[in-house]
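Student: fold the following for me, if possible:
(one chain, ligands or ions: 1)
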Amino acid sequence: MKNKHIITASILLLSIWAISMSSSCKPKNAATAIVGDAANKAYVAPGKYDEFYNFVSGGFSGQLSVYGLPSGRLLRVIPVFSVDPEKGWGYSEETKPMLNTSHGFVPWDDLHHTELSQTKGEINGKWIFVNGNNTPRLARIDLKTFRTMEIIELPNSGGNHSSPFGTENSEYIVAGTRFSVPPDDANGDVPINTYKQNFKGHISFVSVNPESGEMNIAFQLKTPGVNFDLARCGRDKSHGWFFFSCYNTEQANTLLEVNASQKDKDFIMAVNWKKAEEYIKAGKGKTVKVKYAHNKYNESTQSAASEIKNEVLVLDVAELKDICYMIPCPKSPHGCDVDPTGEYIVGSGKLAALIPVFSFDKIQKAIANKEYEGEYEGIPVIKYESALYGEVKKPGLGPLHTEFDGKGNAYTSFFVSSEVVKWNIKDLTVIDRVPTYYSVGHLCVPGGNTRKPNPKYLIAYNKITKDRYLPTGPELSQSAQLYDISGEKMQMILDFPTIGEPHYAQAVSADIIQNNGQLKIYKIDENKHPYAAKGEAESKVVREGNKVHVYITSIRSHFAPDNIEGVKMGDEVYFHVTNLEQDWDVPHGFAVKGAANAELLIMPGETTTLKWVPDRVGIFPIYCTDFCSALHQEMQGYVRVSPAGSNVPLTFSVGKTTPPPADAAAPAEAAPKQQ
Ligand SMILES: [Cu+2]
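Tutor: Next up is the predicted model:
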């Protein structure tokens, strides 16, 4: 049986890899991989800036990290889908709504891919979009502030892997479900083995406002129930199209490692999104009842709000025949990458030993001439040979993902054979190969998925580290490797550890980010936060029932007020901390003993709120957590908590030292009993 042979071959490939990894982890040339002038090439002298920003997905950390290249210096971790006590993300009252979903507060996700916003197929430095692969979400980060500004949940989706990939002017960010599931408006209480009848895929086209960046689910495509893996937009001549890699076209519902590897070929799905837009305009979209959260951070009030939405427009691609076309692609394709000219589409079958390269012109011709080999659930399947430009023969084992240098070369990662292979797109010949340490996933060339790559470096994001760093117990940090690709041959120049598990990452020339209007402070007179105290004179403590609002300011090196009395058991205390500083890089922190959340980190001119419910009577210190001045250690205060029903008046002060009242040492029993 052919299928059986293929499975056996696939398992064999993986076994060979497993044996080679366990018996001789270190390839022979590992020790000598870094040679000659490599150290100089990656060295960025103290005080000098890096040439590129590298935005690296954090995988199961749920966050995005930012590195400088070529130094590999970690510049920032941007919290997105996971709570982050360092910055109070998801802990402050202002940011909690950002993590709201139709399931309620979801404080974690699995962030796989990045998409820098583009204009005319080039990176514009405005925003970076990232995906949440678990509870399907898309996020937008503003590159003026390096902060998450918007998160939108995706209905009708069981995961969100094929995401967030954008069109050439960021008209849309697309998000294809990884797991097909019954649509949200269908009865989902069905036997799992009715996958073929009941499970459907959905791809969301999320529009992006070119001025504000605000996202909106413009429409979804309802597709056959398959797993969508990765995607790329058409470029230049193929602008208007989108290409998605699909696996599990077998529609298996169990043991996918075997059952989703049955077919010799899965598909790349080509989508004519301009055609889909026409259908939407012509009213062919069907409004479907769903439930999803749309969370936005308002920079003026410095607060987020979450809205639950209930409808989405859906186009059924099996009914509207000329939106989608399937292109057979060997086997279980991961990467589906379009070259800078928009003519070549590179498929990367995880279990294949060749790289198919498809031609956009040939695909168009095949559609015009109906060169089909049949249909897949109502979608025409273009003949493999009719779409194929050619195959790169014996490039390596397990191609995963391809980036481009804009000089006619492609760089493909090979997970199984642990290497990066450089090959020529036109003649499909291999030019160079270098080992990775070990088992590389995605690659990144700055601008490598745009019309104009900046091909100085290539970074490999590896899944396995083994012996690269000092041992740290059972878990080793994942590793990235930096290669100089400015010459004919690739040269490894640096290893650097990463946070979480990086999947896709992107890099951009530093001047594009530096010159995008970077924000240095929030102007205090533009602060529209409802609980801001824009000067110490506005600081106060106000009781509303059992809610105590503390309008507290911070400036080097004290809080105002710093003595608060009259809080009682049963109160909810809200510390609204306004940082009065108006200098770059002078945040203050805020923490209170026993708070069941995190600290706050408040930027100059910003107001942020910490909720605290005291659990006992006593004196509670508050202090600044971010070393802000020589007298930072003195930046502290006290809150007195009295029993419920106590008659201690609500008072607040700073700098006031009154003589001790006569009852200062009054025994506890003099106060009303604690309840
Ligand atoms: Cu401070």
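Student: neighbouring contacts of stretch 532-545?
Tutor: Stretch 532-545 is contacted by residues 524-525, 527, 548-553, 555, 560-561, 564, 566, 576, 578, 580, 607, 650-652, 654 when judged by CB atoms under 8 Å, 6 or more residues apart in numbering. (C-beta placed from N, C-alpha, C; glycine too.)
Student: how does it look with 6 Å?
Tutor: Here stretch 532-545 makes contact (CB atoms under 6 Å, 6 or more residues apart in numbering) with 524, 549-553, 560-561, 564, 578, 607, 650, 652.
Student: and those residues, which two are furthest apart?
Tutor: Spanning the widest gap among the contacts of stretch 532-545 are Ile524 and Leu650, at 26.4 Å by CB to CB.
Student: looking at these two, which is more packed in?
Tutor: Just comparing Ile524 and Leu650: by other CB atoms under 10 Å the higher neighbour count belongs to Ile524, 19 against 15.
Student: was I right to think the more buried one contacts Gly605?
Tutor: Yes: with contacts counted by CB atoms under 6 Å, Ile524 reaches Gly605, the gap being 4.5 Å.
Student: could you find the closest non-adjacent residue to Thr578?
Tutor: Thr607 (4.4 Å; CB to CB, 6 or more residues apart in numbering).
Student: before we move on, what about Pro79?
Tutor: Trp89 (3.7 Å).
Student: since we're on the residue lying closest to Phe414 once chain neighbours are set aside, how many residues are nearby?
Tutor: Distances taken as CB to CB, 6+ apart place Gly396 nearest to Phe414, at 3.7 Å, with adjacent residues excluded. Per other CB under 10 Å, the neighbour tally for Gly396 reads 22.
Student: please apply the same query to Gly176.
Tutor: 34.
Student: for it, list each beta-bridge partner.
Tutor: Ser162, Ile203 (DSSP bridges).
Student: hmm, it is touching Ser162, no?
Tutor: Yes: if you go by CB under 6 Å, Gly176 and Ser162 touch, sitting 3.1 Å apart.
Student: report the contact partners of the closest residue to the ion within the stretch 201-350 of the chain.
Tutor: Here the residue of the stretch 201-350 of the chain nearest the ion is Gln302; by CB to the ion that distance is 18.7 Å. Counting by CB under 6 Å, 6+ apart, Gln302 touches His529, Glu606, Thr607.
Student: phi, psi for it please.
Tutor: Main-chain dihedrals, Gln302, degrees, to the nearest 10: phi 60, psi 40.
Student: how about low-confidence regions in the chain?
Tutor: Within the chain, the segments meeting pLDDT under 70 span 1-36, 658-675.
Student: what about the closest residue to Val508 other than its chain neighbours, neighbour count?
Tutor: Using CB to CB, 6+ apart and skipping residues adjacent in sequence, the residue nearest Val508 is Ile123, 4.9 Å away. Neighbour count of Ile123, defined by other CB under 10 Å: 25.
Student: could you say what helices and strands the helix or strand hosting Ile123 packs with?
Tutor: Using DSSP states H and E, the element containing Ile123 is strand 122-132. For strand 122-132, the elements it packs on are strand 111-119, strand 137-142, strand 162-166, judged by 3 or more CB pairs under 6 Å, 6 or more residues apart in numbering; DSSP states H and E.
Student: hmm, who's touching the second one?
Tutor: To tie it back to what came earlier, the one meant is strand 137-142. 78, 80, 127-130, 148-153, 164, 175, 206, 213.
Student: now, of those residues, which are buried?
Tutor: 78, 80, 127-130, 148-153, 164, 175, 206, 213 (16 or more other CB atoms under 10 Å).
Student: what's the closest of these to the ion?
Tutor: Of the buried ones among the contacts of strand 137-142, the one sitting nearest to the ion (CB to the ion) turns out to be Ile78, at 22.5 Å.
Student: hey, what's the residue nearest to the closest one when sequence neighbours are not counted bridged with?
Tutor: Once flanking residues are discounted, Ile78 sits nearest to Leu64: 4.5 Å by CB to CB, 6+ apart. For Leu64, the beta-bridge partners are Ser57, Ile78 (DSSP bridges).
Student: from Ile141, how far out is Leu64?
Tutor: 7 Å (CB to CB, to the nearest Å).
Student: likewise for Asn424?
Tutor: On the measure of CB to CB, Asn424 and Ile141 end up 36 Å apart.
Student: and Phe199, by the same measure?
Tutor: 32 Å.
Student: measure the residue in the stretch 351-500 of the chain that the ion sits nearest to to His588 for me?
Tutor: Among the residues of the stretch 351-500 of the chain, Ile499 lies closest to the ion, at 26.4 Å counting by CB to the ion. The gap separating Ile499 from His588 is 25 Å, by CB to CB.
Student: ok, those two, which is more surrounded?
Tutor: In terms of neighbours (other CB under 10 Å), His588 is the more surrounded of Ile499 and His588; the figures are 30 against 18.
Student: isn't the more buried one right up against Met603?
Tutor: No: judged on CB under 6 Å, His588 makes no contact with Met603 at a distance of 8.9 Å.
Student: can you give me the helices for the stretch 401-550 of the chain?
Tutor: 510-514 (DSSP state H, counting those that start in this stretch).
Student: and the protein, which residues reach the ion?
Tutor: His588, Cys624, Cys628, Met635 (CB under 5 Å from the ion).
Student: switch to 6 Å and redo it
Tutor: Counting by CB under 6 Å from the ion, the chain comes close to the ion at Ser554, Ser557, His588, Cys624, Asp626, Cys628, His632, Met635.
Student: with just CA atoms, put the strand or helix carrying Ile268 into PDB.
Tutor: Counting by DSSP H and E, the element that carries Ile268 is strand 265-272. The C-alpha trace of strand 265-272 is given here as PDB (Å, rounded to 0.1, in the frame of the first residue of the first chain):
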ATOM      1  CA  LYS A 265      -0.300  15.600  -0.800                       C
ATOM      2  CA  ASP A 266      -2.200  18.200   1.300                       C
ATOM      3  CA  PHE A 267      -3.100  21.600  -0.100                       C
ATOM      4  CA  ILE A 268      -2.100  25.200  -0.300                       C
ATOM      5  CA  MET A 269      -5.300  27.100  -0.500                       C
ATOM      6  CA  ALA A 270      -5.200  30.100  -2.800                       C
ATOM      7  CA  VAL A 271      -7.800  32.800  -1.900                       C
ATOM      8  CA  ASN A 272      -8.900  35.700  -4.100                       C
END
